[in-house]
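Visitor: how would this look folded up:
(one chain, ligands or ions: 1)
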Amino acid sequence: MQEQFYRNPYQRTLTTRVVRHDEHGLVLEDTLFYPLGGGQPGDTGSAILGDVSVRIGDTRRDRESREILHLTPDTHHVFAAGDEVTLELDWERRHRHMRIHTCLHLLSVVIPIGVTGGNLTEESGRLDFNLPEGMELDKASIETELNALIAADHPVEIIMTSGEALKAQPELIKTMSVTPPLELPEIRLINIPGVDLQPCGGTHVARTGEIGPVVVKKLENKGARNKRVVIALA
Ligand SMILES: [Zn+2]
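Guide: The predicted model follows:
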């Protein structure tokens, strides 16, 4: 299966063929729908054949087969193998995910300490940091630094590498709870030149300026050393 969201996250429609459509979901030869993972929600949208439009309410990756499952809760078994369908992404929602996701990369630059977890929605995103004892975070200065990195409109580049090459640079792996799949022959790095470089499978905007202004909504204590930082699109 091809996965267009890795190389071209701006693609909104795609015509492809059905592999199968059963109670587990719709499997296609190709897709542009991002499956839930790395704290980013699965994409939603529609699969269209003639005047039949089937709602895709979520997208998941099967843990064993690694196939991408487009979940179509209301209408099982509509399509047959070989049917040509056109996918339409809920672009507004996905684009907000891309903006917030890219902003979380910048947040990991503004707060350069270990990340223990993260998550995002259409409205907001959070990272949990493994805060060293005695270290304090300042909400206002985080917000100022974050918006400065956004306003500088840095390019965001995709670099393909291998698990072997990444093993030689373990310092690039910031998220301690989510080790990238080093056994895979191909791993994607997200490079914001001079700012940040880390492996990531999510979807990102092409320039940081596209994120737009953000606010730091809150700093929360989640355990003795775990500090949660929540940001939102302004
Ligand atoms: Zn990312």
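
Visitor: For the chain, give me the ranges with low pLDDT.
Guide: Applying pLDDT under 70 to the chain flags the ranges 1, 74-76, 172-182.

Visitor: need the residues of it near the ion, please.
Guide: Neighbours of the ion within the chain, by Cβ under 5 Å from the ion: 200, 202. Using the backbone N, CA and C atoms, a C-beta is placed for each residue, glycine as well.

Visitor: How is the chain partitioned into domains?
Guide: Per the record, the chain has its domains at 2-89, 94-233, by automatic domain parsing.

Visitor: Spatially central residue in this protein, please.
Guide: In the chain, the centroid-proximal residue (Cα atoms, centre = their mean) is residue 202; its distance is 2.7 Å.

Visitor: give me every residue that touches it.
Guide: Residue 202 is in contact with 34, 37-40, 97, 101, counting by Cβ atoms under 8 Å, 6 or more residues apart in numbering.

Visitor: closest to the ion among the residues you listed?
Guide: Of all these, the one with the least separation from the ion (Cβ to the ion) is residue 101, at 5.2 Å.

Visitor: Which residue is the nearest non-sequential neighbour of the residue of the chain found nearest the ion?
Guide: Nearest residue of the chain to the ion: residue 200, at 3.1 Å (Cβ to the ion). Leaving aside its sequence neighbours, residue 200 sits nearest to residue 190 (Cβ to Cβ, 6 or more residues apart in numbering; 4.6 Å).

Visitor: Check for me that that neighbour belongs to a helix.
Guide: No: counting by DSSP: H, G, I helix; E, B strand; the rest coil, residue 190 falls outside a helix, being strand.

Visitor: Now do the contacts for it.
Guide: With contact taken as Cβ under 8 Å, 6+ apart, residue 190 is in contact with 105, 156-159, 196-200, 204.

Visitor: quick check: longest strand of the chain.
Guide: Scanning the chain for the strand with the most residues, using DSSP state E, yields strand 13-22.

Visitor: thinking again about what came up before, pretty sure the residue of the chain closest to the ion sits against residue 191.
Guide: No: counting by Cβ atoms under 8 Å, residue 200 does not reach residue 191; the two are 10.1 Å apart.

Visitor: Now do the shared contacts for those two.
Guide: Counting by Cβ under 8 Å, 6+ apart, nothing touches both residue 200 and residue 191.

Visitor: Brilliant, that's me finished.
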